[in-house]
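Participant: need coordinates for the following:
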Amino acid sequence: MRRRVLLPLALLGLLTVIAILFPVSQAISHERTDQLRLQRTATIDRILQRAAGPVAGSDASSLQSYLDRLERVYGERAVVVDDADRVVASSGGMRAEGKVEPALDAALRGVDHADSDAILPWSADTAVFASPVLSQGTSPIGAVALEANLTRAKGDVTRQLAMAGTAGLGVLAAVLLASVWWTHWVLRPVRALDLAANALAEQEDYRPAAVTGPPELRRLSRSFQRMAQHVEDTLEQQRGLVAATSHQLRNPLAAVRMRLDAMTFSGADALDAAVDRNEIAAIDRDLDRLERTIDRILELARAEHRANQATSPNAADSPTDEYPIITAEELADAHRAAALGCGLTLKAVPSAARPRFSRQDLDEILAILVDNAGKYAGPEATMTLAWEQSASTATLTISDDGPGLTDHELEHLGTRFWRARNHSSLPGSGLGHAIVLQLARANRATVATDRGTDGGLRIRIRTEQT
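Facilitator: Numbers count the residues shown, from 1 in each chain. So this is what the prediction gives:
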């Protein structure tokens, strides 16, 4: 792809340089040619001033001396003839023949002659200029021909064309370097996306590259990184859910299987009715535990799905008027009965907020936290609810005065199916706090957990305030 982008740019740069150099070269050649013609026309005029008398029959020694001096100084020969083509004066053995003859014939007809086209490095070394010698009348009485030396002019043109060509090559090289840099800059995110896509396809480690390139490709790269991260998170959640679910479901299923096997192989005569009832009750408890675990897993799956939708770049915000003002007392009253059923006292600090949070999700979170506190905070524990507000955020603080968790245990809180060691004998699935985290993420809120001032667990749910 890089070559396909570079080739048109290189061709365009080459054509541009040629399009610039061609008129520049023509201008250099024409300028030097015009300069040469002006110089040689002035030289012929000086010869004509001295040639009128000798052509008419007077002494030609002065004219001959001038032509000789011209040939010695400039290396250019000249010849003067009369109207009968007789040589009046000549330098360097120049004769009125060869390519000089047509020029003299044209001059004798009253027409100036110059056989030099635009001077180029491959032009001839000499060029003939001719003009008529006029008397008082209008008809020519003779002609002057000058054989101009073009060697110096050709050298000047060659040097200037070489300088222009060198400049053109420099510009072309700069264009090519800029094209290479530009192509690399434009295609670098495409290359990174290609490598990342291959890594994801091969299930290899994917490390997002720095976002560079044009704005459109930067947006594409960021979108791909979000997509790749979402895919990795989803796969990791699925792997963790499958592993943890299989582990959690293995214990109650194994217990049910063992009890059924014991009942099957004991024999009907050896069974006591009370024992049978105890075994059946134990099986019921294991099945209830299994059912609760499956229900929690489904709740977690739904919460994760909603959280992924809410955090998607294309997710739309709900209208502001859908979020009512919620007081801490109102929340406490809605869950007070459940708290009393768990042996828990639920208190509320007078406060209110208008959080950007679904009321149904908030009630579900509080139901989970009340259930957890009733199980783990101990008998006659107290849970306190309070709102804290700032200019743009609202924070709901839920704390209890139970024994709380250690720092190490706080780090693992929220891990699926994780439970503290001293809670392993208590009923529960270890999914409650994981569901709380996902419900908070579904509302674009954050959850922070630490130890409260009363020593128990303190959970802060922070969200935007409308």
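Participant: for the rest of this, base every contact and every neighbour count on C-alpha atoms.
Facilitator: Fine.
Participant: residue contacts, residue 96?
Facilitator: Applying CA atoms under 8 Å, 6 or more residues apart in numbering, we find residue 96 in contact with 79, 81, 85, 87, 104.
Participant: now, of those residues, which are buried?
Facilitator: Neighbour-count burial (16 or more other CA atoms under 10 Å) applied to those gives 79, 81, 87, 104.
Participant: can you redo those as TSV with distance to residue 429, pLDDT and secondary structure?
Facilitator: Listed next are those as TSV, based on distance: CA to CA, whole Å; pLDDT from 0 to 100; DSSP: H, G, I helix; E, B strand; the rest coil:
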residue	distance to residue 429	pLDDT	secondary structure
79	121	91	strand
81	126	90	strand
87	127	88	strand
104	119	87	helix
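Participant: from those, which two are the most distant?
Facilitator: Maximum pairwise distance in the buried ones among the contacts of residue 96, criterion CA to CA, is 11.1 Å, between 87 and 104.
Participant: which helix runs longest in this protein?
Facilitator: In the chain, taking DSSP state H as the definition, the longest helix is helix 2-56.
Participant: would TSV of the buried ones among the contacts of residue 96 with distance to residue 451 be doable?
Facilitator: Output for the buried ones among the contacts of residue 96, formatted as TSV (distance: CA to CA, whole Å):
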residue	distance to residue 451
79	118
81	123
87	125
104	117
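Participant: quick check, nearest of these to residue 219?
Facilitator: Out of those, the member with the shortest distance to residue 219 (by CA to CA) is residue 104, at 78.5 Å.
Participant: distance check, the closest one against residue 447.
Facilitator: 107 Å (CA to CA, to the nearest Å).
Participant: go on, residue 384?
Facilitator: With the distance defined as CA to CA, residue 384 ends up 17 Å from residue 447.
Participant: one more: residue 419?
Facilitator: Taken as CA to CA, the span from residue 419 to residue 447 is 18 Å.
Participant: sorry, back to before: closest to residue 427 out of the contacts of residue 96?
Facilitator: Distance to residue 427 across the contacts of residue 96 (CA to CA) is lowest for residue 104, with 126.0 Å.
Participant: so who does the closest one touch?
Facilitator: Residues near residue 104 by CA under 8 Å, 6+ apart: 96, 130-131, 143-145.
Participant: give me that answer again for 6 Å
Facilitator: Counting by CA atoms under 6 Å, 6 or more residues apart in numbering, residue 104 touches no other residue.
Participant: rewinding a little: could the contacts of residue 96 be laid out in a markdown table, adding distance to residue 4?
Facilitator: Output for the contacts of residue 96, formatted as a markdown table (distance: CA to CA, whole Å):
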| residue | distance to residue 4 |
| --- | --- |
| 79 | 64 |
| 81 | 68 |
| 85 | 69 |
| 87 | 70 |
| 104 | 61 |
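Participant: show me which of these is closest to residue 438.
Facilitator: Of all the contacts of residue 96, residue 438 sits closest to residue 104, with 105.7 Å by CA to CA.
Participant: just the element for residue 160, please.
Facilitator: Taking DSSP states H and E as the definition, one finds residue 160 inside helix 151-201.
Participant: which secondary structure elements does the strand or helix carrying residue 459 sit against?
Facilitator: Per DSSP H and E, residue 459 falls inside strand 457-464. If you count contacts as 3 or more CA pairs under 6 Å, 6 or more residues apart in numbering; DSSP states H and E, strand 457-464 packs onto strand 393-400, strand 446-451.
Participant: tell me how far that strand lies from the chain's centre.
Facilitator: Taking the mean of its C-alpha atoms, strand 457-464 sits 38 Å from the chain's own mean (CA atoms, centre = their mean, to the nearest Å).
Participant: one more: stretch 214-232?
Facilitator: 10 Å.
Participant: for that stretch, which positions count as buried?
Facilitator: By neighbour count on 16+ other CA under 10 Å, the buried set for stretch 214-232 is 217-218, 220-222, 224-225, 228, 232.
Participant: now stretch 322-333
Facilitator: Result for stretch 322-333 [16+ other CA under 10 Å]: buried residues 323, 327-329, 331-332.
Participant: try stretch 134-147
Facilitator: Quick answer for stretch 134-147 (16+ other CA under 10 Å): 134, 140-147.
Participant: and stretch 372-392, by the same measure?
Facilitator: Residues 372-378, 381-387, 389 are the ones in stretch 372-392 that count as buried (16+ other CA under 10 Å).
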